[in-house]
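Participant: Pasting a predicted model and its sequence here:
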2 protein chains.
Amino acid sequence: MNNHPDLARRRLLATGSGALAVAGLTGVSRVTAQTPQTAPAAGASQKPLPPYIAWKDADALIVHTPTTVETKRTAFGTGAITPAERLYIRNNIAAPDVSIVANRDAWQLSVEGVRQPRTLSVAELKTLGLETVAMVLQCSGNGRGYFPSKPNGTKWQVGAAGNLIWSGVPLRAVVESLGGPTAGMRFITSTGGEALPAGIDPKTVIVERSVPITALGDALLAWEMNGEPVPHAHGGPLRLIVPGYSGVNHIKYIKRLALTHDETDAAIQATRYRLAPLGTKENPSQPAVWEMDPKSWINYPAPDAGPVKRGWVQIHGVAMGGTQAPRKVDVSLDGGQTWREASFIGPNMGRYAWRSFVLQADLKPGAYMMASRVTDSQGRVQVETSMDNTGGYLNSGWRAHAFAVNVA
Amino acid sequence: MNNHPDLARRRLLATGSGALAVAGLTGVSRVTAQTPQTAPAAGASQKPLPPYIAWKDADALIVHTPTTVETKRTAFGTGAITPAERLYIRNNIAAPDVSIVANRDAWQLSVEGVRQPRTLSVAELKTLGLETVAMVLQCSGNGRGYFPSKPNGTKWQVGAAGNLIWSGVPLRAVVESLGGPTAGMRFITSTGGEALPAGIDPKTVIVERSVPITALGDALLAWEMNGEPVPHAHGGPLRLIVPGYSGVNHIKYIKRLALTHDETDAAIQATRYRLAPLGTKENPSQPAVWEMDPKSWINYPAPDAGPVKRGWVQIHGVAMGGTQAPRKVDVSLDGGQTWREASFIGPNMGRYAWRSFVLQADLKPGAYMMASRVTDSQGRVQVETSMDNTGGYLNSGWRAHAFAVNVA
């Protein structure tokens, strides 16, 4: 919350696009004249944002690689909705050229596995229905950094997640308008619009995922995120949204949607994003990474942010139920020996959203081990420890997310 | 919804700060190389954004003057929350220097009219409580352009409004921590941190407003807007938020908050923002512009956007209750002769928020007169016609907001 959006946004002008030299340029001088003299931000020595997301708030983000960018814990705030400028990035392969959003309404989606298969433009989709849903988008590997086995892959902490508002057409309305599913279909199989690298078996790289056909109930084909056209970096012009499912299932720049009898045999479905016990390889016999679990974490105080001042502290964080609304959150200051119920703050945005919570505590000097634990509306409690697994997916264990805080 | 945020954000680099010449600059070339070749945006010939809000989406905004900037109707989207980049601007006098947000936690607020008056920093306020509220921020003059008398002042249509999520400390928690109100206080009187021009009676220009002390119930001292520190352009580091009240009452860069027996005699309270019958001057005997009324409008189809294609159309807009949650919205296609109930879409964010609504209609070619009318949870219905008044405030009449659409 000590970030400075005005400054960060201005910094775009000066440094967001790389080596742009600003000295003496008309216009920029008016901007820099207004820039307060402050010490360099903590993130100043970090890797810069890659050019395709130069519009994001650099100070709010941790750049792991150009395609894996994490929201800082301290940048979540307490407003529940994650601004696009602070939202994480995770791409499996290179995105299509940005020219695909030059005419968003012209983007084409092929719909198959229905009685009247056909290709629809976004403009046509917009005539078929309109729905809006608030939903946590969370990378399947969020929390991987907290698994003891140190699985391969980005060591996400908590910041490969955000709570967003999506608008589009209900997928069921599209399927109904095309005569309904062909008999016997059990999955929704969706394909992203990425160009595939040449000279390699497409099945090994194509972004194509299957989810159970029951997801038809709440899935959207979305053209808006947080009240704006879906940014290209987040899957615009059209993204599949499957509320309650982890990030990899929300296919970006979706070009094909098929109701299918079987799961796709693309590697990203068959031999990746599987919950494989440690020591085994991922394979289709194991559970797919689909629905998310109840999960919560504390954003303030933050670990590694120096000692907290004694006295009243507003301990806050976010809590999600995964597929059911969060009902309550407990906070522990002693590593789970004792718990106190926190209060939700702000709007309840439905079963797929997260909520901010706060616990007011009068803290004396000393060492604390902070943890949070959510219970969903069905009574399901966030687990103490998630199963460590080969791919490092779906870590929601509260103990792994606990951290030490010093109060002085 | 045909705007292009990636492009708009990139345009910041090229043109957002004025006459910056980009040809040949390292870095920018990478950006422009990615910019799709499109026809100039509709807004390209408009006034440019003033430098202090160069970070906003130029394509989403109408620049009336450097201090009065309106959201385009087509830029509201259906996600209910208004991104900061698309939010309107209205300042009564010049803002304080942006250096006041260099160290947000150090900003000082003087609290008076309580048993233990004192000055508190934002850092101290953050220890006293934390609450979050979704709330419509609407300029008191929004809709002025639709009053038949053509009052003086910016001719806002619908875009001097947004739905935002604010976080801060409940004002009642601050007052309680200072021993509670001094006896007999009836108003909350707040003063903005603007520097006043020299050589002029301060009372004529100071931004100081009084609201009834009952507003203590839900008022916040907010340091976050939409999950980010409140942008300087919107009142950061600290803004008074009075849910249900019109824009002028939410004091930006608040530096003094006093519980008072009487309303302030500042001109902005005494002789402006009063509901004065046409032909009379505004004066303190008239109702102050405080609470907002039930109001709704249609965002799509938009007026003046050319003919709409025949067939199914998703007519959508936003609806607010003012101080009570919206309960239902009716839409008319014939200028109010007949009405059909629309559906709300997206999350219900509480009594002070607006909601998106949609009506699916199968439109044949012809001329339509579109209108919407909200009913709040207490059964209060949006008025057909608001009282025209000298200042042109609080226009919520559905008839004045109706418009013609051609379907071809």
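Facilitator: Now that the structure is in, tell me what you want to look at.
Participant: What residues of the strand or helix carrying residue A:359 count as buried?
Facilitator: Secondary-structure assignment from DSSP states H and E places residue A:359 in strand A:354-363. Within strand A:354-363, the residues scored as buried using 16 or more other CB atoms under 10 Å in any protein chain shown are A:354-361, A:363. From N, CA and C alone the C-beta is placed, and that goes for glycine too.
Participant: Also stretch A:165-177?
Facilitator: Buried residues in stretch A:165-177 (16+ other CB under 10 Å): A:165-175, A:177.
Participant: near chain B too, which of the buried residues of strand A:354-363?
Facilitator: Restricting those to those adjacent to chain B (criterion: CB under 8 Å from any CB of the partner chain) gives A:356, A:358, A:360.
Participant: Now those in CSV, please, with extra columns for distance to residue B:332.
Facilitator: Shown next, in CSV, are those (distance: CB to CB, whole Å):
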residue, distance to residue B:332
A:356, 39
A:358, 44
A:360, 49
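Participant: now the residues you listed in a markdown table, with distance to residue B:220 and pLDDT?
Facilitator: Below are these laid out as a markdown table (distance: CB to CB, whole Å; pLDDT from 0 to 100):
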| residue | distance to residue B:220 | pLDDT |
| --- | --- | --- |
| A:356 | 14 | 98 |
| A:358 | 13 | 98 |
| A:360 | 16 | 98 |
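Participant: out of the residues you listed, who's nearest residue B:134?
Facilitator: Residue B:134 has its nearest neighbour among those in residue A:356, at 11.9 Å by CB to CB.
Participant: nearest residue to the closest one other than its sequence neighbours?
Facilitator: Spatial nearest neighbour of residue A:356, excluding adjacent residues (CB to CB, 6 or more residues apart in numbering or on different chains): residue A:78 at 4.7 Å.
Participant: is any part of stretch A:321-336 close to chain B?
Facilitator: No. Counting by CB under 8 Å from any CB, chain B is not contacted by stretch A:321-336; separation bottoms out at 11.0 Å.
Participant: And that stretch, what's buried?
Facilitator: Neighbour-count burial for stretch A:321-336 flags A:321-333 (criterion: 16+ other CB under 10 Å).
Participant: For the stretch 1-150 of chain A, give me the ranges with low pLDDT.
Facilitator: A:1-45 (pLDDT under 70).
Participant: which stretches of it form helices?
Facilitator: Assigned by DSSP state H, counting those that start in this stretch, the stretch 1-150 of chain A shows helices spanning A:5-11, A:28-34, A:122-125.
Participant: what about the nearest residue to residue A:277 once chain neighbours are set aside, neighbour count?
Facilitator: Leaving aside its sequence neighbours, residue A:277 sits nearest to residue A:389 (CB to CB, 6+ apart; 6.5 Å). A count of neighbours around residue A:389, defined by other CB atoms under 10 Å in any protein chain shown, yields 23.
Participant: Then residue A:61?
Facilitator: If you count neighbours by other CB under 10 Å, residue A:61 ends up with 25.
Participant: Ok, the one 10 residues further on next?
Facilitator: Residue neighbour count, defined by other CB under 10 Å, stands at 25 for residue A:71.
Participant: Thought residue A:161 was touching it, still the case?
Facilitator: Yes. Residue A:71 is within contact range of residue A:161, at 7.5 Å (criterion: CB atoms under 8 Å).
Participant: Mutual contacts of those two, please.
Facilitator: With contacts taken as CB atoms under 8 Å, 6 or more residues apart in numbering or on different chains, residue A:71 and residue A:161 have residue A:88 as neighbours in common.
Participant: what's the neighbour count on residue A:367?
Facilitator: Residues contacting residue A:367 under the criterion other CB under 10 Å number 11.
Participant: For it, list each beta-bridge partner.
Facilitator: On the basis of DSSP bridges, residue A:367 is bridged to residue A:406.
Participant: so it makes contact with residue A:335?
Facilitator: No. Between residue A:367 and residue A:335 there is no contact under CB under 8 Å: 10.2 Å.
Participant: Give me the pLDDT for the nearest residue to residue A:138 once chain neighbours are set aside.
Facilitator: Setting aside the residues directly before and after it, residue A:138 is nearest to residue A:161 in space (CB to CB, 6+ apart), at 3.9 Å. Looking at residue A:161, its pLDDT reads 98.
Participant: Residue A:291 too?
Facilitator: We have a pLDDT of 98 for residue A:291.
Participant: Report the contact partners of it.
Facilitator: A:244-246, A:322-323.
Participant: how close does the residue nearest to residue A:138 sit to chain B?
Facilitator: Separation of residue A:161 from chain B (CB to the nearest CB, to the nearest Å): 13 Å.
Participant: again, but for residue A:362
Facilitator: Taken as CB to the nearest CB, the span from residue A:362 to chain B is 10 Å.
Participant: hang on, isn't that residue packed against residue A:309?
Facilitator: No. Residue A:362 is not in contact with residue A:309 according to CB under 8 Å; the separation is 11.9 Å.
Participant: Spell out which parts of the stretch 251-400 of chain A neighbour chain B.
Facilitator: Within the stretch 251-400 of chain A, the positions near chain B by CB under 8 Å from any CB are A:311-314, A:316, A:345-350, A:353, A:356, A:358, A:360.
Participant: quick revisit: export the contacts of residue A:291 to CSV and tack on pLDDT, distance to residue A:299 and secondary structure?
Facilitator: Converted to CSV, those look like this (pLDDT from 0 to 100; distance: CB to CB, whole Å; DSSP: H, G, I helix; E, B strand; the rest coil):
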residue, pLDDT, distance to residue A:299, secondary structure
A:244, 98, 22, coil
A:245, 98, 23, strand
A:246, 98, 20, coil
A:322, 96, 19, coil
A:323, 96, 23, coil
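Participant: The residues you listed: which two are farthest apart?
Facilitator: For these, the farthest-apart pair by CB to CB is A:246 and A:323; their separation is 11.1 Å.
Participant: Overlap in contacts, those two.
Facilitator: A:291-292.
Participant: quick one: the strands in the stretch 201-350 of chain A?
Facilitator: Ranges of strands within the stretch 201-350 of chain A are A:208-212, A:220-225, A:228-229, A:239-241, A:254-260, A:295-300, A:311-320, A:326-332, A:340-341, A:343-345, based on DSSP state E, counting those that start in this stretch.
Participant: Show me what the last one is packed against.
Facilitator: Pointing back at strand A:343-345 there. If you count contacts as 3 or more CB pairs under 8 Å, 6 or more residues apart in numbering or on different chains; DSSP states H and E, strand A:343-345 packs onto strand A:354-363.
Participant: cool, the second one as well?
Facilitator: Packing contacts for strand A:220-225, counted by 3+ CB pairs under 8 Å, 6+ apart, involve helix A:122-125, strand A:161-170, helix A:171-177, strand A:239-241.
Participant: what's the nearest residue to residue A:157 if we skip its chain neighbours?
Facilitator: residue A:145 (5.0 Å).
Participant: isn't that neighbour right next to residue A:156, touching?
Facilitator: Yes. Contact criterion CB under 8 Å: residue A:145 and residue A:156 qualify, at 5.7 Å.
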